[in-house]
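Enquirer: Quick one, fold the following:
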Amino acid sequence: MHNVLPIFKRELRGYFDSPVAYVVITAFLLVTGWFFTTNFFVVAQADLRVIFSIIPFIFLFFTPAITMKLISEEKRGGTMELLVTMPISEGAIIVGKYLAALALLVASILPTIVYLITVAFLGDVDPGPAIGGYLGLILMGAAYLAIGTFGSSLSDSQVIAFIVSFFITFMFFLLDKILFLLPTFLVSWVEYLSIESHFQNISRGVVDSRDLIYYLSLIGIALYFASRSLAARRWR
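Expert: Reported below is the predicted structural model:
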């Protein structure tokens, strides 16, 4: 895993040497800013609830857009064959690329601290839910990015990678929305698998070990499957 850092730097440089990072960050801030200012000026409410409620939905489109090129572009351009023949493990490739995507996600979220400062000037801010909300957003985004990395490892088409990643993340997003359709004995199991139910727990300012274990497990499983998908290519 000692090769993770060079892969990370290479991928992060690729984001910021092209318009990708700037377009993604700008689009993210424009959408979240529109919802925040609308809530502020139209509804006359200065709080972060609208941000913490809309960003999980934005992530459904935002995270696959970040990850769709991670592996698929390498496959399409033929550079993946070069990478897998080098003394670099599949795990190092996946983790390095994933961490670069995560860095871009965090770079997109950080400017929204301006909303927190604005709310703090205009009213009282409960630090527990505010800190929990941002922690929850990063954990949720990290889980979505891991799923997107796996989706990108399945195809050399960025479009297919986006669709696969969106479909999987959307399934996790929907789970807590269909609980009323399920028999009682399944509700607790499906609710635990729901990615947003864990976000809601953390955003209330209560960081439970079960929520952390859920996110870390989901990230680990998705990245493991991505590395196995890449390993399968080495032996073809």
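Enquirer: Give me the residue at the spatial middle of this protein.
Expert: Centroid check for the chain by C-alpha atoms, centre = their mean gives G141 as the closest residue, at 2.5 Å.
Enquirer: what's near enough to touch the spatially closest residue to it that is not a sequence neighbour?
Expert: Distances taken as C-beta to C-beta, 6 or more residues apart in numbering put L105 closest to G141, at 4.7 Å, once the chain neighbours are dropped. In this view, the C-beta of every residue, glycine as well, is placed from N, C-alpha and C. Counting by C-beta atoms under 8 Å, 6 or more residues apart in numbering, L105 makes contact with F62, T63, I66, I138, G141, A142, L145.
Enquirer: thinking again about what came up before, touching, the residue nearest to the centre of the chain and F59? I think so.
Expert: Yes: here G141 reaches F59: they are 5.7 Å apart, a contact under C-beta atoms under 8 Å.
Enquirer: sorry, back to before: please flag which of the contacts of L105 sit within helices.
Expert: F62, T63, I66, I138, G141, A142, L145 (DSSP state H).
Enquirer: Most neighbours among those, which one?
Expert: When neighbours are counted by other C-beta atoms under 10 Å, L145 leads these with 30 neighbours.
Enquirer: Which SSE is immediately downstream of the worst-scoring helix or strand of the chain on mean pLDDT?
Expert: Lowest by mean pLDDT, DSSP states H and E among the helices and strands of the chain is helix 79-85, with a mean of 61. The C-terminal neighbour of helix 79-85 among helices and strands, as given by DSSP states H and E, is helix 90-109.
Enquirer: Now that following helix: buried residues?
Expert: Using 16 or more other C-beta atoms under 10 Å as the burial criterion, the residues of helix 90-109 that qualify are 90-105, 107-109.
Enquirer: And stretch 201-216, by the same measure?
Expert: Using 16+ other C-beta under 10 Å as the test for burial, stretch 201-216 gives N201, I202, S203, G205, D211, Y214, Y215.
Enquirer: need the helices for the chain, in chain order.
Expert: All helices of the chain, identified by DSSP H, fall at 4-16, 20-41, 49-67, 72-77, 79-85, 90-109, 113-122, 127-153, 158-174, 184-193, 195-203, 209-234.
Enquirer: Mean neighbour count, those helices: which tops it?
Expert: Per-stretch averages of neighbours, counted by mean count of other C-beta atoms under 10 Å, single out helix 127-153 among these, with a mean of 24.
Enquirer: which helices and strands sit right next to it?
Expert: Contacts defined by 3 or more C-beta pairs under 8 Å, 6 or more residues apart in numbering; DSSP states H and E place helix 127-153 against helix 49-67, helix 90-109, helix 158-174, helix 195-203, helix 209-234.
Enquirer: Please state the backbone phi and psi of P183?
Expert: In terms of degrees, to the nearest 10, the main-chain angles of P183 are phi -60, psi 150.
Enquirer: So for D211, what pLDDT did the model give?
Expert: As predicted, D211 sits at a pLDDT of 92.
Enquirer: ok, it - contacts?
Expert: Residues in contact with D211 (C-beta under 8 Å, 6+ apart) are L139, H198, N201, I202.
Enquirer: What does the pLDDT read for the third one?
Expert: Predicted confidence (pLDDT) for N201: 89.
Enquirer: 608 is where my numbering starts, stick with that
Expert: All set: I'll call the first residue 608, so the last point we hit is now N808.
Enquirer: Roughly how far does the nearest residue to it once chain neighbours are set aside sit from F615?
Expert: Closest residue to N808 apart from its sequence neighbours, by C-beta to C-beta, 6+ apart: D818 at 5.2 Å. Distance, D818 to F615, by C-beta to C-beta, to the nearest Å: 26 Å.
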